[in-house]
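1. model this:
(chains A and B)
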Amino acid sequence: MRQSELFTKTRKEAPKDEVAKNAQLLIRAGYIHKEMAGAYALLPLGLRVIKNIERIIREEMNAIGGQEVSLTALQNPEVWKKSGRWADDAIDVWFKTVLKDGGEIGLGATHEEPLTAIMKEHVYSYKDLPKYVYQFQTKFRNELRAKSGIMRTREFVMKDLYSFSRNEEEFRTFYETCAEAYLKIFQRAGIGEHTFRTFASGGSFSKYSDEFQTICAAGEDTVYVHKEKRIAVNKEVYTDAVLADLGLSKSDLEEVKAIEVGNIFPLGTRFSEALNLTYADEKGAHVYPVMGCYGVGPARLMGTIVEMFSDKKGIVWPKEVAPFAVHLVSITGGNADITTEAGRLYELLHESGIEVLYDDRDIRAGEKFADADLIGIPTRLVVSEKTIAAGGVELTERAQGSSTLVPESEIIEVLQK
RNA sequence: CGGGCUGUCGUAUACCGGUAGUACGCGUGCUUUGGGAGCACGUAGACUGGGUUCAAUUCCCAGCAGCCCGACCA
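-> Sure, this is the predicted structure:
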């Protein structure tokens, strides 16, 4: 798209009410807008990044048999009362409101209950299982304190998958498959090298859960990493008994700060029992499906990527999540021929299916470069008098900063490799 | 939820119990044109409500909002 038509602008200063690097950079570069504490709007660039992240997650969930749905944000108290989780002391982040006729409803903070209730209408036999159902859904959580920019908000989209298996063994197999899928997601999102499957507390549902923790100084969690084995232990379960259980020795573990980018956990029959979801096995006996839940938040992932990959000049997006593949910049100096040449290159890239942001604005070179660095698109192409005289286009990788001159005839090939 | 701090043009800031200043942005003009240009003119502001005072953006109280530390975080 043409940058002159993009309605967002960059700014030199970060707003004074943001301290977190992720929010400062994303606001300065025009990716997001802060509506209020813990609530951020996605602007065109930000939405493109989120869509890319969602695409990666969707592909990996579909690859392991996930079926996408979209449940409601509005919650019927009835199903929550059955599981005992309508009470504010059961879920302390509930947002609740009332209907015009006085009935009480909730805004979903998670979706075990409503999905389990839906499955009751469709699952009767062992032949109907296993099933893996996921969605990208807005969650509302009335956090006492929103903080860390977009990392911890009161309203956010989460990809939550719920598995319904016939027995513990079938559940366990899927759980491991999903853990693998999660590692692929983080790999594709560019943070794979820094992200570790982490043994964590299971809370009230089970003995344990698995988190995916990205090592980052800005993280809120403390974990102990075993770099060779590529696993970690959350501080909350860092006890001698747990370490012995996992066959880990303290001397091999390194204490680091980390961001929880994903969490998967066994639910057992906690919800299938509460909502009386059963299936008939081969002998006709009624059995409760064994469930699991698997969550990852695209916005938190976006924030984590920004925390991980930025420099003094701005964001440095990994290729698969960047809002555009190429940032085309024309340096015209008032020369119409350069505008024509850059426009032609823009059309060429566009026709070749390369996503390109074309900075066609009538401003000085320095401002364009500063904006390009801030926005952080992986590859920058510059067309100017200099490059035309040299018979090519200047290509700069945002991450490395080094430039090369590429003949125009080869540019598509170079970009597509 | 405990503790602390802060609310001034769109953004970042300054000063002040008596006409609210600067920079960026934005608009117009001229110059400039490969790393956030220069000059000129212009545009735009004291969170809300009380109180004190001749006079409040400034002091006091309350509310609302924001940030930080802690607690919390299926």
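2. Please say whether there is contact between the helix or strand where A:T340 lies and RNA strand B.
-> Here A:T340 sits within helix A:336-351, counting by DSSP states H and E. No - applying Cβ under 7 Å from any atom of the strand, one finds helix A:336-351 separated from RNA strand B by no less than 9.1 Å. (Each C-beta comes from the backbone N, C-alpha and C, glycine too.)
3. how about that helix: buried residues?
-> Across helix A:336-351, burial judged by 16 or more other Cβ atoms under 10 Å covers A:I338, A:E341, A:A342, A:G343, A:L345, A:Y346, A:L349.
4. repeat for stretch A:80-100
-> By neighbour count on 16+ other Cβ under 10 Å, the buried set for stretch A:80-100 is A:W80, A:K82, A:S83, A:R85, A:W86, A:I91, A:W94, A:F95.
5. which one among those residues gets closest to RNA strand B?
-> RNA strand B has its nearest neighbour among the buried residues of stretch A:80-100 in A:I91, at 5.8 Å by Cβ to the nearest atom of the strand.
6. Is the closest one in a helix, a strand, or coil?
-> Look at A:I91: counting by DSSP: H, G, I helix; E, B strand; the rest coil, its state is coil.
7. what about the residue nearest to it when sequence neighbours are not counted, distance to A:R270?
-> With sequence-adjacent residues excluded and distances taken as Cβ to Cβ, 6 or more residues apart in numbering, A:I91 is closest to A:R85, at 5.3 Å. Note on A:R85: its distance to A:R270, by Cβ to Cβ, to the nearest Å, is 10 Å.
8. Ok, A:G292 next?
-> Taking Cβ to Cβ, one finds A:G292 at 11 Å from A:R270.
9. try A:E341
-> Here A:E341 is placed at a distance of 64 Å from A:R270 (Cβ to Cβ).
10. now A:Q416
-> With Cβ to Cβ as the criterion, A:Q416 and A:R270 are 49 Å apart.
11. Tell me which of those two has more neighbours.
-> Between A:Q416 and A:R270, counted using other Cβ atoms under 10 Å, the more crowded position is A:R270 (18 against 10).
12. Quick check, pLDDT for that one.
-> On the pLDDT scale, A:R270 is placed at 95.
13. Correct me if wrong: it contacts A:M291.
-> Yes - A:R270 lies in contact with A:M291 (Cβ atoms under 8 Å); the separation is 7.3 Å.
14. Mind listing what's buried along the strand ranked longest in chain A?
-> For chain A, the strand with the greatest residue count under DSSP state E is strand A:254-268. Going by neighbour count (16+ other Cβ under 10 Å), the buried part of strand A:254-268 is A:V256, A:A258, A:I259, A:E260, A:V261, A:G262, A:N263, A:I264, A:F265, A:P266, A:L267, A:G268.
15. Point out the other elements, helices or strands, that it touches.
-> Applying 3 or more Cβ pairs under 8 Å, 6 or more residues apart in numbering; DSSP states H and E, we find strand A:254-268 packed against helix A:168-188, strand A:195-201, strand A:208-215, strand A:221-226, strand A:290-296, helix A:298-308.
16. What is the subsequent helix or strand relative to that strand?
-> Note on strand A:254-268: by DSSP H and E, the next helix or strand toward the C-terminus is helix A:270-274.
17. Is that following helix in proximity to RNA strand B?
-> No - contact of helix A:270-274 with RNA strand B (Cβ under 7 Å from any atom of the strand) is absent, the minimum separation being 8.6 Å.
18. will you turn the buried residues of helix A:336-351 into CSV that also has pLDDT?
-> Converted to CSV, these look like this (pLDDT from 0 to 100):
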residue, pLDDT
A:I338, 94
A:E341, 95
A:A342, 96
A:G343, 96
A:L345, 97
A:Y346, 97
A:L349, 97
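19. does any part of stretch A:178-196 sit near RNA strand B?
-> No - judged by Cβ under 7 Å from any atom of the strand, stretch A:178-196 and RNA strand B are separated, with a smallest distance of 13.3 Å.
20. List the buried residues in that stretch.
-> Buried-residue list, stretch A:178-196, by 16+ other Cβ under 10 Å: A:178, A:181-186, A:188-192, A:194-196.
21. who's in contact with that stretch?
-> Stretch A:178-196 has contacts (Cβ atoms under 8 Å, 6 or more residues apart in numbering) with A:53, A:56-57, A:60-61, A:63-64, A:161, A:163, A:197, A:210, A:212-216, A:223, A:225, A:230-232, A:258, A:261-262, A:264, A:292, A:294, A:296, A:301, A:304-305, A:308-309, A:317-321.
22. what's the answer for stretch A:326-333, then?
-> For stretch A:326-333, contacts defined as Cβ under 8 Å, 6+ apart pick out A:338-339, A:341-342, A:345-346, A:349, A:354-360, A:362, A:365, A:368-369, A:372, A:375, A:377-386, A:415.
23. hey, C-alpha coordinates of that stretch in CSV?
-> Taking C-alpha atoms only, stretch A:326-333 is exported to CSV below (Å, rounded to 0.1, in the frame of the first residue of the first chain):
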residue,chain,number,x,y,z
VAL,A,326,9.2,-4.9,1.7
HIS,A,327,9.4,-1.2,2.5
LEU,A,328,9.9,0.7,-0.8
VAL,A,329,11.3,4.2,-0.3
SER,A,330,11.7,6.8,-3.0
ILE,A,331,14.1,9.6,-2.6
THR,A,332,13.0,12.0,-5.3
GLY,A,333,14.5,15.3,-4.4
